[in-house]
Every structure is written in structure tokens, then in C-alpha cells.
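**Student:** Using only what follows, build the 3D model:
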Amino acid sequence: MIRIVSVVLVLLLSLSCSQHSTKPAAVTFHNINAKFNAIWQADRLLITLQKQLIEERVENYANALPIIAAVDSSFGITHKLDIGNLIRKASLVIDRHQNSAYVDDAYLLIAEGRMLQSDYKNAIETLKYINTLDPDRQTQRKAMTLLYQAYLIQNDFESAEKTDAFIIENELNNWEYQRVKAFEHQQKGETNACINLLNQIANKSKNRRERSRLYFILGQQYETLNQGSLAKQAYQNSMRQKSNYELTLRANIAFKSLDQSIPALERMLADPKNEDQKAEIYVALGKIYVEQKDLNRAKDAWQKATFNNPNKGELYYQLGRMFSTQIKDYGRAAAYFDSAATSLSPMSPMYASVLKAQKDWNQYVTLERAVMHEDSLQKLAKLPLSNLQALYKQAQLKKISKSDSVLKSQTKTPKALATFTRRPASPDQQSFYFYNEQARIKGEQEFSMKWGIRNLEDNWNRKNKQNAPMAMNTNTGQQPANSSMPVFATSTTDSMQIWLDAIPTTEAKLLISNRKKEQALFDLGKYCKTQMGDNTLANTHLKHLLADFPYTSHEAEVRYLQYLSAPNAQEKKLARIALFDRFPDSIYKLTILKLETGNLSDSKELQAENAYVAAYTEFKRNAFESSLRACQQIRINYPGSKSEDKIVFLSALCHAGLKDREQYEKTLKQFIQLFPLSPLKIEAEERINAIPKK
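**Tutor:** Predicted coordinates:
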């Protein structure tokens, strides 16, 4: 009997514990098991992981700190096991306690675990699903706020705005929501709105470290608006929290930088506790010196800041900008941009800007050096031969003396070398010429003294190479044998002759040098405007081109570029007048007219079409001159009309009718350039190919 009663009791207890039962005993049982077992363990894991996330996060104080920092993908990999346990523990509630009141909490924990894995796609789907479970208000508020945050981290502003509207409509907003809202304003660049929210929420955070960080971000936001006094107050509030040493120190550095307190920053440099932060202090000093227009001291401070600086890529970028925009040393600027591109992480938000700056300034320096090279050659060409020979010998002596100093430095054995631990070379190795550094340098010196600088070529050791084949000079495109300069009989003057042949001492060489300089100046001015967007540099080089080559073949395009890059209305007007007067039929004139008139109205389009029909009628009755004048007038009166391609093509046909082959071909080429999508392009190309070559 007792056994039967025991079996019945066990069966009744089992039935009451079913996760599908809605009886009070069953629900209570599963609520207790869910909350104090799986949910409790998963919650403890989440708290631990969030603490580790904050401790392991590396803040980039060189840029504005994000109000909500995205989780680094490496965190999910490093803590894969713990995050997996978190998701597994929370999943137990869904698998075994479906009738409990904590299923929505379990899904919320799973979503937070997926966000720690940077798995935003599945996290978003989980957070959206929670809203279908009829969750309690606290869980729904947290889920919707996390969903709002996930959308913003992925820059999905459209979905974020819909979630924002849902939160406001259902009155789910709280402190966490306001923090995410401030983050949205920060991402969109809405600084004033971001500042207003930060002022409301910064002192409400229960976490001291979070309060300090929010005040620091508030200070950075004030700095972007050039509100120094308010920024200093925010940095002071950040320091008062005393959350962690690094953040407090950065706030102190920012405060002293705004206060332009150089002695205070120098005292911070001397403090041994700040050894790891010296780079940031030097950066702050550099900014103060820039504001004081002391660019040399700024350069020195920032160069010192590159040592042991994890953000040296961004610092190199700042140095490049300083050298390019303020110091005007473009060669150094290009070198710093190269260093920035090498040091900066491809994941940095500045990476694209750095790569563009690197490309732009390297190309600029290349073109500028081409101009300077031809300038220097032309200046040398004005010197007498004796002076040129003296200059060459002087340069050779400097090179030899430099080799001597290198050799002496190699032969001296400083005391510090006593600690050098590398095994010395064996006698067999020392006997080989190229393994013996001292012998190699000495041999190079002796060779230079005896033979001078020689090209690596056949018959290099001929004393008189007039009858031997010589290399083509890459600078002038002329053979040295064609030069009017005498060929020296001694071996030491052979390399001198190569150098002299590069100097444009004849009319033909000077013409080639001028062509190279003219092309380089044009390319430089055009590149500055079209690729770099630097109107000041573009205008400078274009003016230089017109001053040195007033009848340049690029004049029409130069005037057009001057019109686009003019610093004021007066210079723009002068460029326009010059272009319209000298090149009335130029495509650049028509482009300016298009820019000034904009799109034509329907009535203007109809007038242009009627005028074209009249011009075509003139062409059909062989009145080519009348038709051509009509076409030119249509393009002036109705620039950018839908009939423009037909008008330009008709102009070319009129030139053909007038037997003007040069203008006919030129107009057809302009047509192809201007209207690459026109249905008449194929016929234009066929006509160009059919023109007999001269």
C-alpha cells in the first residue's frame, strides 16, 4: 500500500512540474528554477564579461570618444567560451522552463551575448522577437533600447528612427535611452543636441567611471564648438570623479592644453608617473605652439610625441597637415603622410583620408620636382663652361670627403662596441671583398677618384668614348655625341660630360626643357584643382604657367581652371573675359555658360530645337557659312540644350563643306569628348578614321 501511495505522489509531483502546465504549482516551480539557477548564472557571467569589456577597451583619446563604444571583434574571439556559456545558460530557460515568467529575460541575455560577439544580425532578430512575447515593461524597455543601440552601431539610421519612435510612443525612455539618443546625435554630427543631452545625463549615471567618461566626451564636444571655458569646466568635472588614472590624466592634459599652461604640461612631463603618457603631453604642447604660431617648436614637440605612441599614425597625419598647410614644406608633408599611411590601422576612420592625402601630396611633389628640375637646368645653362666644370668638381670633392668621413667612422672602434656579441666574420669571409665593409668603401672611394661617376654599361673604362656607343640621356632625349660641348680626353671628365650633356645649352635642348616645364606646370595646376581641391595652390601654379609661357597650348583650359579656382569675383571675371575673348569657340567657354545658366526651360529647349532645324535647312542648301554661324549662335544662346550634340555635329559637317579639314577633325574630336553617349558618336568616329592622314 505504501509503495502504491509513493508512486502516485511521484506521478502527481511530476505532472505538476511540467513546463507546459499553467497550474500555480507548476508555474512557481519553473519560476524558481529559472530565476535562481540558469538566469542567475547567466546574469553573473554577463556582469563579469561587461567588466572585462570595459577593462580591455583601448580608448583613442586622439579622436572624439564615442558615447557608446562598439565591441571589438577580438573580444568575442578572446572570450568565446564565456560568451558561449552565457548563451547556453540562458537557453536552458527556453528549453526547460517555457511556462516561467523569465523566458523574455532569457532571450534578452542571449541578445546581449550575441552583441558581445559582434553578431548584430542575430542580436537584432532576438531583440525584435522579445517584443512579441508580451514581456514585462522593464525587459521591453531594455530590449528596445538595445535594439536602438544596435541599429546605430551599424549606421542603420532609418531603422533606428523607427525604433526611437516606438520607444517614445510607448513611454519606454529612461536614462539608458537618453544616452543612446545622445550617441545618435554624436554620430550624425548634431553637436548642440548631443551637448544638451550629455548635460542632462552625465551626473545621473550611477557608475563613477561612466560619469567621468561622459564629462570627458562633453568637454570634447564643447571644444569642437570652440567653447573653451565650458570645455574646461567639463574636463574639471571629469577629473573630480577620479575614476581611473588614465582618464583623469587625459582630462588634466586637455584642461591644461585649453589653458595654454606650458609650465604645467612640462611639470607633467617630468613626473615619473606619466612616463607612458609623454606622447600625449607632447601632442598637447604642439597644439599650443601651433596656436601661438611657433611652428618650429610645434614640429619639435610633435616629433617627440611619435616615440612610444600607439596613435602615431594619426600624429603623423597631423604633422603632414601642418607641413602642407602652414609650414609649406610639401616634401616633408608627403613624407609624413607616407608614415601615417604605414602606421595607421585600416580600421581607423581616418584611414581613407590618410590614403588620399598620401596619394595627392606624393603626386604633387613629383610634379613640383619636375618643374624645379627644369628650372635648375636652365639656370645652369646660363653659366659659362668653366663655372660648370668647377661646380661639378666641387660636388665630387664633397662626395669624396663624405666617403672619407664614413670610412673613418667605420674604422674607429668606440668603447661601446666592446659589448657587441655578434660572432666576428671568419678569415674566409673577410677575404671576400663584399663581406668586408671597410674594403668596399675604400674601393668605392678609389674608383670615384680615378674614374669619376660611371654608368653601368659596355666600354665603361674607355678614356675617350666618342667612338663607343653611349647611353641615351633620359633628361633631354638627345645623344651625348650630338652635344656641342667638347668631349674630354681624360677619364675623370667622362662622367662630367654626361652631366654637362643634361644641361640645355643649345636651342634644341632648351626647347625640349621648356616643353617639359610647361607640361609639368600645367599638370601641377590642374592636379591641384581637380584632384586635391586646393584652389590656392592651383591658382599659384596656373599664374606661374601663364607668366612663363603666355602662349601656352593649354591656355584655354588654364583660363577655365583659373575661373574655377579664382579666390574672388574680380579674378573670376578676368579669367572669364580672357577665355571668351581669346577662345570664343572653346568647349570651356560653353561649359562656363552651362554652369552660369543651369538647365534650360521647356520653352528655351523648343526655341533651341527650332533654331537647329533652321540651321540644318541652311546646310541642306549648301549655305555652309550661314549654317555654321547659326550653330555657333545657338550654342551661345542655348548652352546645354538637349539638341547640343546635333548642333556640334552639324558644325563639323559645315567645316567639311567649307573644305576646312583641320577644324573639321578638331570639331569631331570635341564632339566625341563632349558627348560620349550620343547616338552620333559612331558616325563621328568613322568620319575621323576616314580623314586622310598628312
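**Student:** Pull the number of nearby residues for residue 307.
**Tutor:** Neighbourhood size, residue 307 [other Cβ atoms under 10 Å]: 10. For every residue, glycine as well, the C-beta is placed using N, CA and C.
**Student:** Please read the previous query as pertaining to residue 515.
**Tutor:** Neighbours of residue 515 (other Cβ under 10 Å): 13.
**Student:** Could you do residue 497 as well?
**Tutor:** If you count neighbours by other Cβ under 10 Å, residue 497 ends up with 19.
**Student:** what helices or strands is the one helix or strand it maps to leaning on?
**Tutor:** Following DSSP states H and E, one finds residue 497 within helix 494-501. Contacts defined by 3 or more Cβ pairs under 8 Å, 6 or more residues apart in numbering; DSSP states H and E place helix 494-501 against helix 385-411.
**Student:** rerun at 10 Å
**Tutor:** Helices and strands touching helix 494-501, by 3 or more Cβ pairs under 10 Å, 6 or more residues apart in numbering; DSSP states H and E, are helix 385-411, helix 437-451.
**Student:** next one: it to chain centre, how far?
**Tutor:** Put simply, helix 494-501 sits 43 Å off its chain's centre (Cα atoms, centre = their mean, to the nearest Å).
**Student:** C-alpha coordinates for that helix, CSV please?
**Tutor:** Extracted in CSV, the C-alpha atoms of helix 494-501 (Å, rounded to 0.1, in the frame of the first residue of the first chain):
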residue,chain,number,x,y,z
ASP,A,494,83.8,61.3,-68.7
SER,A,495,81.1,61.4,-66.0
MET,A,496,81.3,65.2,-66.1
GLN,A,497,80.4,65.1,-69.8
ILE,A,498,77.3,63.1,-69.0
TRP,A,499,76.3,65.7,-66.5
LEU,A,500,77.0,68.6,-68.9
ASP,A,501,75.0,66.9,-71.7
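**Student:** what pLDDT, on average, does it get?
**Tutor:** Helix 494-501 carries an average pLDDT of 79.
**Student:** all helices in the stretch 201-350 of the chain, in order from the N-terminus.
**Tutor:** 208-224, 228-241, 245-258, 262-270, 278-291, 295-305, 312-322, 330-343 (DSSP state H, counting those that start in this stretch).
**Student:** Tabulate those in TSV, adding columns for mean neighbour count and distance to residue 589.
**Tutor:** Putting those into TSV (neighbours: other Cβ atoms under 10 Å; distance: least, Cβ to Cβ, whole Å) gives the following:
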stretch	mean neighbour count	distance to residue 589
helix 208-224	21	43
helix 228-241	19	50
helix 245-258	20	52
helix 262-270	14	56
helix 278-291	21	44
helix 295-305	18	43
helix 312-322	22	37
helix 330-343	20	33
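**Student:** Is it possible to get JSON lines of these that adds mean pLDDT and distance to residue 553?
**Tutor:** Converted to JSON lines, the helices of the stretch 201-350 of the chain look like this (pLDDT from 0 to 100; distance: least, Cβ to Cβ, whole Å):
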{"stretch": "helix 208-224", "mean pLDDT": "90", "distance to residue 553": "48"}
{"stretch": "helix 228-241", "mean pLDDT": "89", "distance to residue 553": "53"}
{"stretch": "helix 245-258", "mean pLDDT": "86", "distance to residue 553": "53"}
{"stretch": "helix 262-270", "mean pLDDT": "85", "distance to residue 553": "55"}
{"stretch": "helix 278-291", "mean pLDDT": "81", "distance to residue 553": "43"}
{"stretch": "helix 295-305", "mean pLDDT": "80", "distance to residue 553": "40"}
{"stretch": "helix 312-322", "mean pLDDT": "80", "distance to residue 553": "35"}
{"stretch": "helix 330-343", "mean pLDDT": "87", "distance to residue 553": "27"}
